[in-house]
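# here you go, sequence then predicted model.
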Amino acid sequence: MGMRITDQKKRERFEQALDLLDQAQPFVKQLYQNNFFQEASRLMNTMDGIRTLFRYADRFDKAGVFENGPWEDPSKLQPNLVNGSLRVDGVESVVALLSELRMLSIAQGNYKHEKVSRQTAKDYLHEVMALNLDFIFPEETEEARLEQGKETERAQRLFKLIVDELSLKAISETLVEEIERLSVQRPIMVNRIVLMIRKAAQLLHTDVEEKSRKKIERYHAAISKLTPLSEQHSDFKDYRERLKQLSEKELKKEADAFAESMRETGLVSSYHVILVRYLNRSQPDLLPAALAVNDKGKANLKEHSDLVQKLIKVAIHPPTRQSLYGLARMLERGVLSHHPVIPGLRRLVELDLQPDVKQSLLDAFPETDGLTANDILTAGVISVLGQPLGIGQGLNPTCQSARALSLWSIHAPGYLLELTARGARDGDIDMRFEGDEIHSQHLPGGLAPELHKELDPVSLVLVPHLDRIYAEMVRRVQYRPDDPHKWVNPAFYGDWIPRGFTKVFNHLTGNVTDYSGFVRLFYATHHPEYNEGYELIYPNPVGICITTVYGKLLGFHAISIQRIAKDPQGEYRVYFYNPNNDSSQNWGQDIKPAVHGHGEYEGESSLPFHEFISRLYAFHYNPYEQGDAFAVQDETVEKIERLARESWGQEYNWVGKNILG
């Protein structure tokens, strides 16, 4: 009885706090917010309390709950930020939870918002659910129990309510789409994808549509027990012993099954690795089948069979299983035909690593099964050389460094191996900039102390060095009367970068000047029908404005244009590499980069030419390979300028020769 009275008292105090906040004058709202948050937080400690808060969520905006805070405008909320906000100790997690209840109220039709429709709110919450499966399906481990605080428990209650209101069926469909969307981009780091697949497998016991069920089963099999033989053996040793009893025909069938799954999903099962290691010792003639390599890959495997077999022995293990996919792609790219690559790979196996590098690599693979840091680094190099567009920046603001690693992997693999060896062995790399030699070990700052460690092994070694060097180059030219990237990019990335450079902003005033000229120049230097047929030979580093689903400016980002070509439908598109490894996003105004279905190569994303320009703010070009800028139709320039003005352009002053005035 006493408990019920206590709960009733909490509700009464909350209602009173909400009424006081609602009635407060605008200039004193903030004084009443803190009391309201305190009373709301008390209700968050029980499921009934969460439901009580939800019943009042339609009043939150009018009362001023989110006034003058980052959650004030729900149209600007980002699903990927929800997890971190809900985990923070203090008032931030309380406000974040209330914000999600408001969005749920909109989604259920309890509250009509002028900027967010009911369907938009549902779509938002579906994505939030897909990105927060740990809250929906808490791990039942001792570690999870020990780490679970009140914020985590509150978030779990929130998501239980969301699931109850929106159903698990919605999660399964969104989740499958998210898994497909991420896996088709073929990132090197697949931890997030694997976690989502394992959580999705838990949905197989619920009311899931047959189409989603089959896809979940296929992806789950790809990372676990794919074949009937592997299903019979939960222990790798038993599976390996069973392989010894198979005929060559049976081994070939097993190899084909795993290889087909790997190529279809980009994911590798540990059982596949056990099979490949066995074949490497006993039946090397079946390696082409186990890797499903094309004719070029078969030729490279045959030519360099001794080295490949050694690489498998050293680098391909269950903890580094994804490098098996990298090995197959490396063979198909013909990387081993580059003369510096073979000695560079051999050197890594015996390289004397810096103690901190060794520890960083071992920490990245906690279940090492006896692997050495050299094994891990070699596996990482194989992945990077095989999947240059799968390199990601992780949660670090290091898109410049990721972009460099990708470019060198494609066009200078020997140079990349040299940098990797120097960074790992010497704790130092150097680059020349305007006649000076810059050594990374002598530079302060950079991201090394705060580097988020969910990166591939090569990035773990090199990104701290590259980040410091890039920052130092920028520092040396930051007071020049033009953008520092004009000088830094050619020096940092190499002679592949053309010397011409332009951007939409005036460097001194920050105003948008001569936007129509900027658009025409990009057409004249990049569009095949306006640039006299010059093709893009090397990736071109460019800067883009990142915008939300509502077209609002979030910030700036570095990507690389890989090529410009017609898609299967005959439309010219810009195909680009996005180092954030999540290239299929919604940039507002119905501008949605695609990662498949429009002629994209593995790891590329793309946009129609005019849509890409509308988010572009800086690019390099070759002034000697330039067509007629005046030939671009005014209507085309006007359409692009309107897209820019109505999105990121709202944050800037537009002056000078812009077609819309």
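Thanks, I have the structure now.
# leaving out the residues flanking it, which one is nearest to E437?
If the residues on either side of it in the chain are set aside, E437 comes closest to D430, at 5.4 Å by C-beta to C-beta, 6 or more residues apart in numbering. C-betas here are computed from N, CA, C, even on glycine.
# would you confirm that that neighbour contacts I438?
Yes: using C-beta atoms under 8 Å, D430 is in contact with I438, at 6.2 Å.
# more crowded one of the two?
With other C-beta atoms under 10 Å as the criterion, D430 and I438 differ in neighbour count, and I438 comes out ahead with 20 against 17.
# next, the buried residues of the helix or strand that contains the more buried one.
In this assignment (DSSP states H and E), I438 forms part of strand 436-439. By 16 or more other C-beta atoms under 10 Å, the buried positions in strand 436-439 come out as I438.
# run a quick neighbour tally on Q589.
Residues near Q589, counting by other C-beta under 10 Å, number 18.
# out of everything not next to it in sequence, what's closest to it?
G551 (5.2 Å).
# is the one you found in contact with S647, as I believe?
Yes: the pair formed by G551 and S647 meets the contact definition of C-beta under 8 Å, at 3.7 Å.
# anything in contact with each of those two?
Residues within reach of G551 and of S647 at once, by C-beta atoms under 8 Å, 6 or more residues apart in numbering, are 587-589.
# would you turn the residues you listed into a markdown table with secondary structure and pLDDT?
A markdown table is the format used below for the shared contacts of G551 and S647 (DSSP: H, G, I helix; E, B strand; the rest coil; pLDDT from 0 to 100):
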| residue | secondary structure | pLDDT |
| --- | --- | --- |
| W587 | coil | 90 |
| G588 | coil | 90 |
| Q589 | coil | 94 |
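# looking at those residues, which is nearest L385?
For the shared contacts of G551 and S647, the closest approach to L385 (C-beta to C-beta) belongs to W587, at 31.1 Å.
# how near is that closest one to R645?
For W587, the distance to R645 (C-beta to C-beta, to the nearest Å) stands at 15 Å.
# with neighbour numbers in mind, choose between those two.
Here W587 and R645 are compared on neighbour count by other C-beta under 10 Å; more neighbours surround W587, at 24 against 17.
# excluding its backbone neighbours, what's nearest that one?
Nearest-residue entry for W587: T547, 4.8 Å, with adjacent residues in sequence omitted and distances by C-beta to C-beta, 6+ apart.
# wait, doesn't the one you found sit right on S647?
Yes: assessed by C-beta under 8 Å, T547 is found in contact with S647 at 5.1 Å.
# what's the overlap in contacts for those two?
Any residue near both T547 and S647 by C-beta under 8 Å, 6+ apart counts here, and that gives 553, 587-588, 615.
# who wins for most neighbours among the residues you listed?
R615 (26 neighbours).
# contacts for stretch 620-628, please.
With contacts defined as C-beta under 8 Å, 6+ apart, stretch 620-628 is touched by 489-490, 497-502, 521-526, 530-532, 534, 540-542.
# need the buried ones from those residues selected in PyMOL.
Selecting only the buried entries of the contacts of stretch 620-628 in PyMOL, with 16+ other C-beta under 10 Å as the criterion:
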select buried, resi 489+490+497+498+500+501+502+521+522+523+524+525+526+530+531+540+541+542
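# right, and the helix or strand after the worst-scoring helix or strand of the chain on mean pLDDT?
In the chain, the helix or strand scored least confidently by mean pLDDT, DSSP states H and E is helix 142-147, which has a mean of 40. Where DSSP H and E defines the elements, the next helix or strand beyond helix 142-147 is helix 150-166.
# now do the buried residues in that following helix.
When neighbours are counted by 16+ other C-beta under 10 Å, the buried residues of helix 150-166 are found to be 151-152, 154-159, 161-163, 166.
# below-threshold pLDDT in the stretch 301-450 of the chain: ranges please.
Applying pLDDT under 70 to the predicted model, the residue ranges of the stretch 301-450 of the chain that meet it are 446-449.
# going along the chain, name the strands of the stretch 501-650 of the chain.
In chain order, the stretch 501-650 of the chain shows strands spanning 512-513, 540-547, 553-566, 572-577, 605-608, 616-621, with DSSP state E, counting those that start in this stretch as the criterion.
# how about low-confidence regions in the stretch 451-600 of the chain?
Under the criterion of pLDDT under 70, the regions of the stretch 451-600 of the chain flagged as low confidence span 581-584.
# go with 80
In the predicted model of the stretch 451-600 of the chain, residues 581-585 satisfy pLDDT under 80.
# as JSON lines, the buried residues of helix 150-166 with distance to L508 and pLDDT would be great.
Formatted as JSON lines, the entries for the buried residues of helix 150-166 read as follows, by distance: C-beta to C-beta, whole Å; pLDDT from 0 to 100:
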{"residue": "E151", "distance to L508": "45", "pLDDT": "92"}
{"residue": "T152", "distance to L508": "48", "pLDDT": "90"}
{"residue": "R154", "distance to L508": "49", "pLDDT": "96"}
{"residue": "A155", "distance to L508": "46", "pLDDT": "96"}
{"residue": "Q156", "distance to L508": "52", "pLDDT": "94"}
{"residue": "R157", "distance to L508": "53", "pLDDT": "96"}
{"residue": "L158", "distance to L508": "48", "pLDDT": "98"}
{"residue": "F159", "distance to L508": "49", "pLDDT": "95"}
{"residue": "L161", "distance to L508": "52", "pLDDT": "96"}
{"residue": "I162", "distance to L508": "49", "pLDDT": "95"}
{"residue": "V163", "distance to L508": "53", "pLDDT": "88"}
{"residue": "L166", "distance to L508": "50", "pLDDT": "88"}
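# got those residues as JSON lines, with distance to K76 columns?
Below are the buried residues of helix 150-166 laid out as JSON lines (distance: C-beta to C-beta, whole Å):
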{"residue": "E151", "distance to K76": "23"}
{"residue": "T152", "distance to K76": "26"}
{"residue": "R154", "distance to K76": "23"}
{"residue": "A155", "distance to K76": "21"}
{"residue": "Q156", "distance to K76": "26"}
{"residue": "R157", "distance to K76": "25"}
{"residue": "L158", "distance to K76": "20"}
{"residue": "F159", "distance to K76": "22"}
{"residue": "L161", "distance to K76": "23"}
{"residue": "I162", "distance to K76": "20"}
{"residue": "V163", "distance to K76": "25"}
{"residue": "L166", "distance to K76": "22"}
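# quick one: end-to-end distance for stretch 451-460.
Here the two ends of stretch 451-460 are set 8 Å apart, with distance taken as C-alpha to C-alpha, to the nearest Å.
# can you give me the buried ones in that stretch?
For stretch 451-460, the neighbour count (16+ other C-beta under 10 Å) marks 451, 455-460 as buried.
# among these, name the ones in strands.
Cross-referencing the buried residues of stretch 451-460 against strands under DSSP state E gives no overlap.
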